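Asker: the sequence isn't on hand, but the structure is:
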Ligand SMILES: Cc1cc2nc3c(=O)[nH]c(=O)nc-3n(C[C@H](O)[C@H](O)[C@H](O)COP(=O)(O)OP(=O)(O)OC[C@H]3O[C@@H](n4cnc5c(N)ncnc54)[C@H](O)[C@@H]3O)c2cc1C
């Protein structure tokens with residue numbers, strides 16, 4: 001059903017659509033755009049929590065991770081796919097959502113420097129190089145800045161803006177509702193499709209893009225979770241003036257003007273907690289070890305990364321429930337992975 005057809009179906013209730021997406025985080029948004037580009041009619045519901053994993057994410061896409069400078073999983077496929085995907089949305093909506101450019105990483109130990117020397121000529125050739133000397137420029141602690149490298153390319157998506165732009169696109173075509181869907185209570189599996197009486201909606205398929213909220217969903221009680229709660233600070237650093245994302249035990253990413261996002265912690269134990277004093281102290285301590293210039297914390301958030309034990313994202317049909325699919329497990333790489341795996345999900349359910 002194309003977009004014009006579904007408009008005429010909408011008198012009174014929502015009508016009939018091809019796909020209902022539950023959850024507008026990075027997973028649901030990527031799927032909505034992908035379906036739309038294929039000409040499918042989509043409806044999206046989200047319960048509009050102010051703080052979600054996607055809404056507080058820094059949106060970083062980095063080709064090298066961890067102290068061992070490991071190349072990101074499937075980087076050569078995922079990165080160009082993601083850039084083209086987000087650039088397409090920018091072009092269509094007249095917005096600026098994605099920054100692409102070099103990042104800086106401080107190598108803190110001799111072991112890290114050795115790994116860098118070895119890998120720069122091997123698997124990371126063309127992706128990393130020595131950075132101009134930052135030890136003496138006064139903004140960073142000289143000991144921390146010793147042996148900085150530049151990582152290229154890297155990306156940063158303004159995730160909250162991207163989600164807002166996506167919601168506006170959906171609202172313009174009467175394809176969005178703020179609703180907290182009870183699963184499975186609000187959904188009726190019928191012979192002619194899936195009915196959601198509270199929305200007066202019938203769809204051919206439902207895709208659950210619930211993030212860690214899927215933990216409470218009986219249809220998905222077989223998922224093997226390994227969730228990690230993450231805390232992130234918003235910090236004012238008037239004298240830093242750095243557009244590149246800096247990785248130095250913490251990452252520091254410019255938000256706007258003198259505002260930076262600083263993160264992030266990983267906590268596998270107190271999953272249901274909000275922001276903690278310990279998390280804040282940890283990030284502030286790490287920032288003090290890196291920066292010489294003064295800073296002030298102005299915001300502090302916490303959310304749970306939807307990480308599954310089987311690390312690659314989970315995409316595909318829900319066993320035993322006809323026409324129901326799941327898109328989850330984006331872990332700490334939702335920005336990079338969501339566009340590619342939205343496409344893969346549609347393939348896996350034989351769509352289009
Ligand atoms: C501190 C922190 C920093 C991060 N930084 C980065 C980063 O720099 N780069 C990166 O790639 N990733 C980062 N991540 C990870 C990234 O945020 C996740 O990969 C991503 O958010 C997962 O998206 P999702 O759509 O699966 O889940 P979510 O973002 O949780 O979205 C699920 C949505 O579904 C809605 N929902 C749930 N249940 C229902 C229901 N029953 N009815 C209606 N709506 C419902 C929720 O309200 C939510 O809006 C970070 C995460 C954290 C916590």
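Answerer: Noted; the coordinates are in hand. This is a predicted model, so every value here is computed, not measured.
Asker: grab the nearest non-local neighbour of residue 304.
Answerer: The shortest distance from residue 304 to any non-neighbouring residue, by C-beta to C-beta, 6 or more residues apart in numbering, is to residue 212 (4.2 Å). Just so you know, the C-beta spots here come from the backbone N, C-alpha and C atoms, and that holds for glycine as well.
Asker: what secondary structure does the one you found sit in?
Answerer: helix (DSSP: H, G, I helix; E, B strand; the rest coil).
Asker: check whether it really touches residue 53, as I assumed.
Answerer: Yes - counting by C-beta atoms under 8 Å, residue 212 does reach residue 53; the two are 6.7 Å apart.
Asker: compare these two (neighbour count), which wins?
Answerer: Neighbour count, other C-beta atoms under 10 Å: between residue 212 and residue 53, residue 53 has more, with 26 against 21.
Asker: tell me the contacts of the more buried one?
Answerer: 25, 211, 212, 230, 303, 304, 305, 306, 334 (C-beta atoms under 8 Å, 6 or more residues apart in numbering).
Asker: same question for residue 284.
Answerer: 233, 297.
Asker: name the element it belongs to?
Answerer: Element membership for residue 284, per DSSP states H and E: helix 277-290.
Asker: quick one: that helix to chain centroid distance?
Answerer: 23 Å (C-alpha atoms, centre = their mean, to the nearest Å).
Asker: show me the shaky parts of the stretch 151-300 of the chain.
Answerer: For the stretch 151-300 of the chain, applying pLDDT under 70 flags no range at all.
Asker: show me what from it comes close to the ligand.
Answerer: Counting by C-beta under 6 Å from any ligand atom, the residues of the stretch 151-300 of the chain close to the ligand are 180, 181, 183, 209, 210, 211, 212, 213, 230, 232, 263, 264.
Asker: 8 Å instead?
Answerer: Applying C-beta under 8 Å from any ligand atom, we find that the stretch 151-300 of the chain lies next to the ligand at 156-157, 159, 179-183, 209-214, 217, 228-232, 251, 253, 263-265.
Asker: need the buried ones from these selected in PyMOL.
Answerer: Remark: buried members of those, expressed as a PyMOL selection using 16 or more other C-beta atoms under 10 Å:
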select buried, resi 156+157+159+179+181+183+209+210+211+212+213+214+217+228+229+230+231+232+251+253+263+264+265
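Asker: and the longest helix anywhere in the chain, what does it pack onto?
Answerer: Across the chain, the longest stretch assigned as helix under DSSP state H is helix 75-93. In terms of contacts (3 or more C-beta pairs under 8 Å, 6 or more residues apart in numbering; DSSP states H and E), helix 75-93 is packed against helix 26-37, strand 98-106, strand 148-157, helix 159-172, helix 334-348.
Asker: for residue 338, give me its contacts.
Answerer: Residue 338 makes contact with 26, 27, 29, 30, 82, 330 under the criterion C-beta under 8 Å, 6+ apart.
Asker: hang on, the first one packs against residue 334?
Answerer: Yes - using C-beta under 8 Å, residue 26 is in contact with residue 334, at 3.8 Å.
Asker: for residue 309, give its distance to residue 268.
Answerer: 12 Å (C-beta to C-beta, to the nearest Å).
Asker: mean confidence score for stretch 46-53?
Answerer: Stretch 46-53 carries an average pLDDT of 97.
Asker: of all residues in the stretch 1-150 of the chain, which one is closest to the ligand?
Answerer: residue 25 (2.2 Å; C-beta to the nearest ligand atom).
Asker: and for that residue, the neighbour number?
Answerer: Count around residue 25 with other C-beta under 10 Å applied: 28.
Asker: just residue 227 next, same as before
Answerer: By other C-beta under 10 Å, the burial measure for residue 227, its neighbour count, is 19.
Asker: likewise for residue 293?
Answerer: Around residue 293 there are 12 residues (other C-beta under 10 Å).
Asker: pull the contacting residues for residue 82.
Answerer: Going by C-beta under 8 Å, 6+ apart, the list of residues near residue 82 reads 61, 155, 335, 336, 337, 338, 339, 340.
Asker: between those residues, which sits nearest residue 75?
Answerer: residue 336 (8.1 Å; C-beta to C-beta).
Asker: what's the distance between the closest one and residue 184?
Answerer: Noted for residue 336: a distance of 31 Å to residue 184, by C-beta to C-beta.
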